[in-house]
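S.K.: Could you look at this predicted model? Sequence included:
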Amino acid sequence: MKVVRFEDPTGKVCVGEWIAPDQARLISGDLCGPHEVTSQTSKIRRLLAPVTPVNVIAIGLNYRRHAAEGGQQVPDFPLVFVKLTTSVIGPGDPILLPVDAPDEVDYESELAVVIGKTARKVGEADALEYVLGYTCGNDVSARDCQIRRDKQWARAKGFDTFCPLGPCLLIDPKQDPNAFPIRARLNGKVMQESNTADMIFSVPRLISYLSHQFTLLPGTVIMTGTPEGVGCARKPPVFLREGDSIAVEIDGIGELVNPVKRDK
């Protein structure tokens with residue numbers, strides 16, 4: 001089932017099963033608790049991020065070929081950082097190039113995992129039982145802040161609009177999260193083309209590991225890392241510019257598209 005958060009024609013925020021590009025079957029209740037897919041349908045005026053995260057936990061350097069393109073060694077343990085929840089936007093919302101750091105803003109296509117029930121010190125074998133679903137994510141990053149100016153990742157990864165999510169939440173307990181083809185397109189050109197099978201640390205391994213560090217609450221989003229092809233690793237580098245369109249596509253989930261604008 002593909003679930004969307006959306007505004008209906010009156011502006012009311014709803015949750016529903018996506019049955020057509022402009023239509024959903026409404027869901028009552030809490031997706032992380034008792035809920036029901038009703039027979040009532042609604043028109044979709046605007047798609048929103050499929051979840052409103054309580055936390056966004058992200059993983060760096062989690063694809064083998066991405067590590068290789070940057071000349072970095074494969075890490076022994078997951079490289080963990082966080083993104084501010086205020087950075088979350090939905091499909092079609094603009095990524096804003098920050099006034100303080102507009103020149104080296106990069107894209108990172110990622111599989112985002114949404115936790116559905118509280119996870120604390122769970123085993124790897126049981127980890128997927130705590131997953132609500134999967135969506136597309138873009139770990140937008142200001143590379144000058146990350147690499148040279150701040151030399152740490154909080155601001156570089158946490159600017160407003162730097163965490164697009166969508167277009168839907170795929171809820172499928174039988175889905176293998178490490179078998180998703182994933183790609184990014186910048187203005188229609190393929191920039192990243194990979195598969196989540198290339199992850200260094202699998203999704204069950206990440207959930208288990210993170211749950212031994214933090215309590216993962218329902219609604220937690222885990223950004224699982226990006227494959228090779230990021231803009232900063234290209235020669236010459238390719239960064240986002242005003243007027244661009246960046247798309248993250250994961251087969252079986254859909255395509256998350258966001259325009260790029262300069263912040264005022």
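M.R.: Great, that's in hand. Numbers count the residues shown, from 1 in each chain.
S.K.: hey, which helix or strand in this protein has the poorest pLDDT?
M.R.: helix 64-69 (a mean of 87; mean pLDDT, DSSP states H and E).
S.K.: Which positions within that helix qualify as buried?
M.R.: For helix 64-69, the neighbour count (16 or more other C-beta atoms under 10 Å) marks 64, 66-67, 69 as buried. For every residue, glycine as well, the C-beta is placed using N, CA and C.
S.K.: ditto for stretch 4-15
M.R.: 4-8, 14-15.
S.K.: got it, and stretch 187-199?
M.R.: 191-192, 194-196, 198-199.
S.K.: Span of it from start to end?
M.R.: Chord length of stretch 187-199, first to last residue, is 26 Å (C-alpha to C-alpha, to the nearest Å).
S.K.: same thing with stretch 101-111?
M.R.: 26 Å.
S.K.: before we move on, what about stretch 27-42?
M.R.: 11 Å.
S.K.: Tell me which residues are up against that stretch.
M.R.: Identification of contacts with stretch 27-42 by C-beta atoms under 8 Å, 6 or more residues apart in numbering yields 1, 3, 6, 8-9, 14-17, 19, 23-26, 116-117, 132, 169, 171, 218-219.
S.K.: In helices only, show me the residues you listed.
M.R.: Taking DSSP state H, every one of those sits outside helices.
S.K.: In contact with the residue nearest the centre of the chain, which residues?
M.R.: For the chain, Gly137 is the residue whose C-alpha lies nearest the centre (C-alpha atoms, centre = their mean; 2.0 Å). Each residue near Gly137 by C-beta under 8 Å, 6+ apart is listed here: 109-112, 163-165, 221, 223, 248, 256.
S.K.: Take those residues and lay them out in JSON lines including pLDDT, secondary structure and neighbour count.
M.R.: Output for the contacts of Gly137, formatted as JSON lines (pLDDT from 0 to 100; DSSP: H, G, I helix; E, B strand; the rest coil; neighbours: other C-beta atoms under 10 Å):
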{"residue": "Ser109", "pLDDT": "98", "secondary structure": "strand", "neighbour count": "26"}
{"residue": "Glu110", "pLDDT": "98", "secondary structure": "strand", "neighbour count": "29"}
{"residue": "Leu111", "pLDDT": "98", "secondary structure": "strand", "neighbour count": "25"}
{"residue": "Ala112", "pLDDT": "99", "secondary structure": "strand", "neighbour count": "30"}
{"residue": "Cys163", "pLDDT": "98", "secondary structure": "strand", "neighbour count": "28"}
{"residue": "Pro164", "pLDDT": "99", "secondary structure": "strand", "neighbour count": "29"}
{"residue": "Leu165", "pLDDT": "99", "secondary structure": "strand", "neighbour count": "31"}
{"residue": "Val221", "pLDDT": "98", "secondary structure": "strand", "neighbour count": "26"}
{"residue": "Met223", "pLDDT": "98", "secondary structure": "strand", "neighbour count": "26"}
{"residue": "Val248", "pLDDT": "98", "secondary structure": "strand", "neighbour count": "31"}
{"residue": "Leu256", "pLDDT": "98", "secondary structure": "strand", "neighbour count": "29"}
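S.K.: Of those, which is the nearest to Lys235?
M.R.: The closest of these to Lys235 turns out to be Ser109 (C-beta to C-beta; 19.9 Å).
S.K.: That closest one touches Pro227, doesn't it?
M.R.: Yes. With contact defined as C-beta atoms under 8 Å, Ser109 counts as touching Pro227 (7.0 Å).
S.K.: Tell me the buried residues within the contacts of stretch 27-42.
M.R.: Applying 16+ other C-beta under 10 Å to the contacts of stretch 27-42, the neighbour count classes 3, 6, 8, 14-17, 24-26, 116, 132, 169, 171, 218-219 as buried.
S.K.: Need the three-state assignment for the residue of the chain positioned farthest from its centre.
M.R.: Each residue of the chain has a distance to the centre, and by C-alpha atoms, centre = their mean the biggest one is for Ser39: 29.8 Å. Following DSSP: H, G, I helix; E, B strand; the rest coil, Ser39 is assigned to strand.
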